[in-house]
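Undergrad: Generate a structure from the sequence data that follows.
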Amino acid sequence: MLSFVVPALYALFVWWLGTGIILYLDGLPQRTYRWSLTGAAAALVAGVYGLVLTGTGASLAHVYCGFTCGVLIWGALEMSYFMGLVSGPRKAPCPPRCGPWKRFALAVGTSLYHEVSVLVTGVILIALCWDQPNQVGVWTYSVLWIMRWSAKLNVFFGVPNLHTDWLPEHLRFLQTYMGQRHMNYLFPVSVTLGTVGVILLVGRALDTDIAPFSDTSYVLTATLLALAVLEHWFLVLPLPDEALWSWAFQRRADTGASRTPVCPVCAQDRPRSLIPDPPAGHLIPERAV
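TA: Numbers count the residues shown, from 1 in each chain. The predicted structure is shown next:
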């Protein structure tokens, strides 16, 4: 039992702490970003080095280290985007009454360079760890990458809880590219596929024929994927998920940073989704703000 509980708790802790650290650092004044990005660069280098080093190992220590390195690499790349180092060619709000396909193209432009860097990094990690016995670091990075894209698409197509208050001030223009609606047709696909992935990974971890350290690899990855699915549910359910990281938001509250939940765009200019609303009987109530 401990072989399942311990890695699950470890993945939960790393997810909670890593998210909180990024939220906290993003909320600091921009003059501090150069120090944060310096630390992120060091974490990126350490993560890649650790991933390569642990990829050849077949012990619990190698598995936990590989998982942590995967999270470090992803966190460093996310910081580079949220702090404006690597984003995209477009840094302006979406024009009023913009059509859905044009809005999608413009939205891609706001993070194009970042997405390319994520893709290139992923390819490099796969190449470095190819045919190695410990793949948990690559799995970790892949889960975060895929589920992040899924969350971004759901926010674009429209969800009740946009979490625009989590964005740093210099990225608040991104909310003009987001759709706000009760539900979209992509959401059930995202959470269903994610849940199926969790079930398959847990089933693999329960397989008695795998190597002793492999079950830990599968539990770590399954837990991270389950948390990513949970984050998707945070987008539609009226849950106070920001309470999980209240300590990270405290700095913003102390400095009087704005935490406007929705962009003050006129109703007629509210972005329209590429995916229509589901029938009324399938709507999930919007969170009160």
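
Undergrad: just for the stretch 101-250 of the chain, where's the confidence low?
TA: 208, 210-211 (pLDDT under 70).

Undergrad: Now residue 56: closest residue in space that isn't a chain neighbour?
TA: Counting by CB to CB, 6 or more residues apart in numbering, residue 56 lies nearest to residue 132, which is 5.7 Å off, once chain neighbours are set aside. Any C-beta I mention is one placed from the backbone N, CA and C, and that applies to glycine too.

Undergrad: Surely the one you found is in contact with residue 55?
TA: Yes. Counting by CB atoms under 8 Å, residue 132 sits close enough to residue 55 to count as a contact (3.8 Å).

Undergrad: Comparing these two, which shows the higher neighbour count?
TA: Using other CB atoms under 10 Å as the criterion, residue 132 and residue 55 rank with residue 55 on top: 23 against 18.

Undergrad: OK, contacts around the more buried one?
TA: By CB atoms under 8 Å, 6 or more residues apart in numbering, the residues touching residue 55 are 62, 66, 128-129, 132-135, 137.

Undergrad: And the pLDDT for it?
TA: Note for residue 55: predicted pLDDT of 90.

Undergrad: nearest to residue 42, of the contacts of residue 55?
TA: Nearest to residue 42 among the contacts of residue 55 is residue 137, at 17.5 Å by CB to CB.

Undergrad: now the helices for the stretch 101-250 of the chain?
TA: 112-128, 136-157, 186-205, 214-234, 246-254 (DSSP state H, counting those that start in this stretch).

Undergrad: ok, and what's touching the lengthiest helix in the chain?
TA: Assignment by DSSP state H gives helix 2-26 as the longest helix of the chain. Helix 2-26 is contacted from outside by 32, 36, 64, 67-68, 71, 75, 78-79, 82-83, 166, 168, 205, 215-216, 219-220, 223-224, 227, 244-245, 247-249, 251, using CB under 8 Å, 6+ apart.

Undergrad: which of those residues count as buried?
TA: Among these, the ones that count as buried by 16 or more other CB atoms under 10 Å are 36, 64, 67-68, 71, 75, 78-79, 82-83, 166, 168, 205, 215-216, 219-220, 223-224, 227, 245, 248-249, 251.

Undergrad: isn't residue 73 right next to residue 46, touching?
TA: No. Counting by CB under 8 Å, residue 73 does not reach residue 46; the two are 9.1 Å apart.

Undergrad: who's more crowded, these two?
TA: Neighbours were counted for residue 73 and for residue 46 using other CB under 10 Å; residue 73 has more, 27 against 15.
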